[in-house]
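Novice: Give me the fold of what follows.
(2 chains, ligands or ions: 2)
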Amino acid sequence: MAKVLVYIDNPGTSLKKSSLELLTLGRALGETAVALNGKLHDDVAAAFAEYGVGTVLLPSAEDLDDFLVAPKAAYLAAAAGQAGADIVLLDNSPEGKEIAARAGIRLNAGVITDVVAVDADGTAHKSVLAGSYNTACKAGTAVSVLTVKANNVVPEPAAAPAALETVTVEVPAVSAAARITAREQKVASGRPDLTDARIVVAGGRGLDGDFGPVEELADALGAAVGASRAATDAGWISHDAQVGQTGKTVSPQLYISAGISGAIQQKAGMQTAKVIVAVNKDAESPVFEIADFGIVGDLFDVLPQATAEIKKRKG
Amino acid sequence: MKIIVLVKHVPDAQFDRHLTGEGYTTDRDESILSELDEYALEAALQLAEARGGAKAGNQVIALSMGPSGAVNAIKKALQIGATEGVHLTDDALAGSDAAATSLALAAAIRHLGSDAPVDLVLTGMASTDGETSLVPAQLAERLDLPQVTFASSLEVDGGRLTARRDADTSSETVEAPLPAVVSVTDQINEPRYPNFKGIIAAKRKSITTLSLADIGVDPAQVGHAGSWTSVLSAEERPPRTAGTIITDEGDAGIKLVDFLAAQKLL
Ligand SMILES: Cc1cc2nc3c(=O)[nH]c(=O)nc-3n(C[C@H](O)[C@H](O)[C@H](O)COP(=O)(O)OP(=O)(O)OC[C@H]3O[C@@H](n4cnc5c(N)ncnc54)[C@H](O)[C@@H]3O)c2cc1C
Ligand SMILES: Nc1ncnc2c1ncn2[C@@H]1O[C@H](COP(=O)(O)O)[C@@H](O)[C@H]1O
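Specialist: Residues are numbered from 1 along each chain as shown, chains lettered A, B, ... in the order given. Ligands and ions are numbered 1, 2, ... in the order given. All right, here's what the predicted structure looks like:
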């Protein structure tokens, strides 16, 4: 049976849904162990056991968060060696990919990013060229390192919980690493996370500085708020909300685009959404070429009316 | 300063892009300098200019690895303002994955640093075709240099750099000694366009061609044969088509909700 090592970074007091997804996927592929960075809280240890994790590896050093990626990658590679891992799984965040990139070099292991599914033989599936192709890829190396996108696996605890043991991994010295000298925490919006929200309502230059109509519709639908780069560049909303080539890639059940023209770089981040609704006052906007339901109209009329109607129907 | 900027020649996303041939590599007709690499070039030019530019001995070397057409990305970089170009090209490189690409580029960077040391390697945040962002991190690992990725600002003072990174839940300030590998985002600057003077000046700038033998890389370590990952199959997704388009007659908000209800999305 394959040995699978799942990397989890600073879970705090509870595991994120995406971590539970990785544990579930790992168990389908073989015997899972976790390489953790950060404190192992009791509740997290209990969740590991519940998800069938036999071993949790912990770094010998506590200062991995003070440096940009390099020592984390060195730790993960050492942990993979110690655990005898055949497959290493990480989340598909920018940092997850970078740790994977470097650990891959240390392990002489092929790295595949943006994975949505993995077959029993380790073949990974991903889409490329902004969602225009579905591909199957495989690492021909003894170890493969895969970063897996959120929301592609349903988290499921193991049939029988495992007995958990912890092991320490000596972190190899890394001579060259950039030091993180300051960290400013951002305030949470209270809305669902953009990358794994079921519904996204996004606004662009057409909002003319006022995200109110988009936020109100998003709240009525329990959706996350997204934006075009024109809107984030103008400073109307934080850069974190940007969807597209240089922002986030989202594949929600529903993407509502309002006052966004649908430039190629915007489409790159949203055209794999299941259903796309567009509201734009220009009938010639390219966004209508990919919309399942398009409304040629003023968003300042259409969005508030839709919000009021949703509230009415939901009672 | 001696700065190497990595520029990739990629298929233009404005046209349909295709995977072709054995190994499903991207079709490179209609290719351009990856627009995300223009931000790295601009960052390099600003650093060089702040130190007196080419006249004061600052070098901005545009390095691209790719088939013969990739020279066009280098020419564009020279027109924008790079001082010289280097084209790493070899038939054996075809089909290289990120690990093989980073191996070859790391060897080329070492080669370019053999006369005078390189201060900075600048890259884009991702290539617009592969979109993996693996190469910058792998280069740092292979060259044993500090990695500063996704920089949205960059300052160099003496032998140190300071950069800012914006992550989802926090913003970070990072510091590293030079030399370092730095990838930059599209938030860092506003890239300039080549002007007439630049286009004329580019004609006199040199482009050096390097083969694998020149940089001491065994052909078996790169290309399809040397890559650690391979594409087994690729299937084109049917392009999205337009659905129902209506014009608002005062009740489009209601119709929108009707549509969501019919799709069971409420
Ligand atoms: C390297 C690079 C990377 C990029 N990355 C991204 C990215 O990640 N994400 C991204 O989104 N963009 C990105 N862009 C920018 C992209 O090219 C477009 O410029 C941008 O998406 C345009 O944003 P927009 O649609 O909001 O604005 P515009 O193109 O100006 O469109 C505004 C739209 O709003 C409509 N409108 C105006 N008023 C109203 C109203 N009252 N009611 C209804 N409709 C109205 C207009 O008809 C128009 O279609 C990138 C560009 C570059 C060069
Ligand atoms: N073949 C190449 N030639 C030159 N630079 C490259 C090449 N491949 C990748 N890069 C650089 O690495 C960055 C990230 O690419 P990637 O890891 O492919 O997403 C790009 O923006 C380029 O700066």
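Novice: Could you report the neighbour count for the closest residue to ligand 1 within the stretch 151-266 of chain B?
Specialist: In the stretch 151-266 of chain B, the residue that lies nearest ligand 1 is residue B:186 (4.7 Å; CB to the nearest ligand atom). The way it works is simple: take the backbone N, C-alpha and C, and place the C-beta from them, glycine included. Residue B:186: 21 surrounding residues under other CB atoms under 10 Å in any protein chain shown.
Novice: wait, isn't it in contact with residue B:37?
Specialist: No. At 10.7 Å, residue B:186 does not count as touching residue B:37 under the criterion of CB atoms under 8 Å.
Novice: Residue B:205: what's it in contact with?
Specialist: Counting by CB atoms under 8 Å, 6 or more residues apart in numbering or on different chains, residue B:205 touches B:78, B:82, B:83, B:84, B:85.
Novice: Quick check: the farthest pair among those?
Specialist: Greatest spacing in these, by CB to CB: B:83 and B:85 (8.9 Å).
Novice: Residue A:102 is in what secondary structure piece?
Specialist: Using DSSP states H and E, residue A:102 maps to helix A:94-107.
Novice: Whatever helix or strand comes next after that helix close to chain B?
Specialist: For helix A:94-107, the following helix or strand on the C-terminal side (DSSP H and E) is strand A:110-115. Yes. Between strand A:110-115 and chain B, judged by CB under 8 Å from any CB of the partner chain, the touching residues are A:110, A:111, A:112, A:113, A:114.
Novice: Run through who's touching strand A:110-115.
Specialist: Contact with strand A:110-115 is made by A:92, A:97, A:100-101, A:104, A:124-128, A:137-141, A:144-149, B:97-99, B:131-134, B:227-229, as judged by CB under 8 Å, 6+ apart.
Novice: Run through the bridge partners of residue A:2.
Specialist: Judged by DSSP bridges, the bridge partners of residue A:2 are residue A:30.
Novice: which ones are touching it?
Specialist: Counting by CB under 8 Å, 6+ apart, residue A:2 has contacts A:29, A:30, A:31, A:86, A:87, A:122.
Novice: Of all the residues in chain A, which one is nearest ligand 2?
Specialist: Counting by CB to the nearest ligand atom, chain A gets nearest ligand 2 through residue A:101, at 8.0 Å.
Novice: do you know how far the residue of the stretch 151-266 of chain B closest to ligand 1 is from chain A?
Specialist: 5 Å (CB to the nearest CB, to the nearest Å).
Novice: near ligand 1, which residues of chain A?
Specialist: By CB under 6 Å from any ligand atom, the residues of chain A that approach ligand 1 are A:204-206, A:228-231, A:242-247, A:259-261, A:263, A:265-266, A:269, A:279-282, A:285, A:298-300.
Novice: before we move on, the earlier item: the residue of chain A closest to ligand 2 and residue B:142 touch, don't they?
Specialist: No. If you go by CB under 8 Å, residue A:101 and residue B:142 don't touch, sitting 10.5 Å apart.
Novice: Same drill for those two, tell me which one is more crowded.
Specialist: residue A:101 (30 against 19).
Novice: Quick one: residues contacting the more buried one.
Specialist: A:73, A:111, B:98, B:133, B:134, B:135, B:137, B:138, B:141.
Novice: same thing but 7 Å
Specialist: Residues near residue A:101 by CB atoms under 7 Å, 6 or more residues apart in numbering or on different chains: A:111, B:134, B:137, B:138.
Novice: Please apply the same query to residue A:170.
Specialist: A:60, A:78.
Novice: Per-residue pLDDT of it, please?
Specialist: On pLDDT, residue A:170 comes in at 97.
Novice: just residue B:28 next, same as before
Specialist: 65.
Novice: The stretch 151-300 of chain A: helices as residue ranges?
Specialist: A:212-221, A:229-233, A:264-267, A:299-314 (DSSP state H, counting those that start in this stretch).
Novice: same question, chain B
Specialist: Along chain B, counting by DSSP state H, helices occupy B:37-50, B:71-80, B:98-112, B:134-143, B:196-202, B:212-215, B:223-226, B:252-262.
Novice: For ligand 2, give me its nearest residue in chain B.
Specialist: For chain B, CB to the nearest ligand atom, closest residue to ligand 2: residue B:124, 2.6 Å.
Novice: Now residue A:149. Its backbone dihedrals?
Specialist: phi -70, psi 150 (degrees, to the nearest 10).
Novice: what are the ranges of the strands in the stretch 151-266 of chain B?
Specialist: Listed in chain order, the strands of the stretch 151-266 of chain B (DSSP state E, counting those that start in this stretch) span B:160-166, B:170-177, B:180-184, B:207-210, B:229-236, B:244-247.
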